[in-house]
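1. kindly return the folded structure for what I paste below:
(chains A and B)
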Amino acid sequence: AQSVSQHNHHVILSEAASLELGCNYSYGGTVNLFWYVQYPGQHLQLLLKYFSGDPLVKGIKGFEAEFIKSKFSFNLRKPSVQWSDTAEYFCAVMNSGGYQKVTFGTGTKLQVIP
Amino acid sequence: DAGVTQSPTHLIKTRGQQVTLRCSPKSGHDTVSWYQQALGQGPQFIFQYYEEEERQRGNFPDRFSGHQFPNYSSELNVNALLLGDSALYLCASSGAFSGRALETQYFGPGTRLLVL
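-> Predicted coordinates:
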């Protein structure tokens, strides 16, 4: 069975600080990886996704993530956060065997202080 | 182009009752997945529907059932409600199950269910 671990449950940063949120997954086969964001009072939105190819993936709003297969990791990064990045971030994995079951991590709450 | 819509937005029920939640997928999507998001947790997969059939199921009891209609919309039914069923129920839609397995899922705003 696939699983996802997000080790940082709550992160507090000042504006302009750099961000890195950890994500590790467990699955024996080929995976597709996602980061979703949930802004306060809004629904889940896709930030970025990795299916294949370049392991460095760029998403919306200046976010990027790097897939490191040997470490089973897909960490999310942003060089300079803004107050508007305050939200909850979810890492997710989907097996690529033709099924679209998505397994989510428990999420990381990011609070950016102006 | 309407995204994924869900109704109702909020619902209050008592233990033992039954509830039906509804979802309309994004235009052009024909696969619907349902998730339960308890407070402080990530969404957990309940099941997925394609061509009006349940194609995959997560670790949820038979009290959770669903249906998909010919227009691709879907319902989630929960019988004999328990206090622990209180959660945000999310619907996600995506492209065809077969042939385009790499389609991204798009989520609706959810239905918040409170069981008293």
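
2. B:Pro8 contacts B:Thr111, doesn't it?
-> Yes: here B:Pro8 reaches B:Thr111: they are 6.0 Å apart, a contact under CB atoms under 8 Å. Heads up, the C-betas are built off the backbone N, CA and C, glycines and all.

3. wait, what's in contact with the spatially most central residue of chain A?
-> Nearest to the geometric centre of chain A sits A:Trp35, at 3.4 Å (CA atoms, centre = their mean). In this structure, A:Trp35 makes contact with A:23, A:46-49, A:59, A:63, A:65, A:74, A:76, A:89-92, judged by CB atoms under 8 Å, 6 or more residues apart in numbering or on different chains.

4. what do you get if the cut-off is 6 Å, keeping everything else the same?
-> Applying CB atoms under 6 Å, 6 or more residues apart in numbering or on different chains, we find A:Trp35 in contact with A:47-48, A:65, A:76, A:91.

5. go on, B:His10?
-> When contacts are counted by CB under 6 Å, 6+ apart, B:His10 touches B:Arg112.

6. so what pairs up with it in the strands?
-> The partner list for B:His10 in beta bridges (DSSP bridges) reads B:Arg112.

7. and it, what pLDDT?
-> pLDDT, the model's per-residue confidence, is 96 for B:His10.

8. what's the distance between it and B:Asn77?
-> Computed with CB to CB, to the nearest Å, the distance linking B:His10 and B:Asn77 is 18 Å.

9. next: B:Thr31.
-> Here the distance between B:Thr31 and B:Asn77 works out to 19 Å (CB to CB).

10. neighbour-wise, which of those two wins?
-> B:Thr31 (25 against 13; other CB atoms under 10 Å in any protein chain shown).

11. tell me how far A:Cys91 lies from chain B.
-> Plainly put, A:Cys91 is 8 Å away from chain B if you go by CB to the nearest CB, to the nearest Å.

12. what about that residue, which helix or strand?
-> A:Cys91 is part of strand A:87-95, with elements assigned from DSSP states H and E.

13. show me the contact partners of that strand.
-> With CB under 6 Å, 6+ apart as the contact definition, strand A:87-95 has outside contacts at A:2, A:4, A:6, A:21, A:23, A:25, A:29, A:31-39, A:102-105, A:107-109, B:42.

14. can you rerun that using 7 Å?
-> Contacts to strand A:87-95, defined as CB atoms under 7 Å, 6 or more residues apart in numbering or on different chains, come from residues A:2, A:4, A:6, A:21, A:23, A:25, A:27, A:29, A:31-40, A:74, A:76, A:100-105, A:107-110, B:42.
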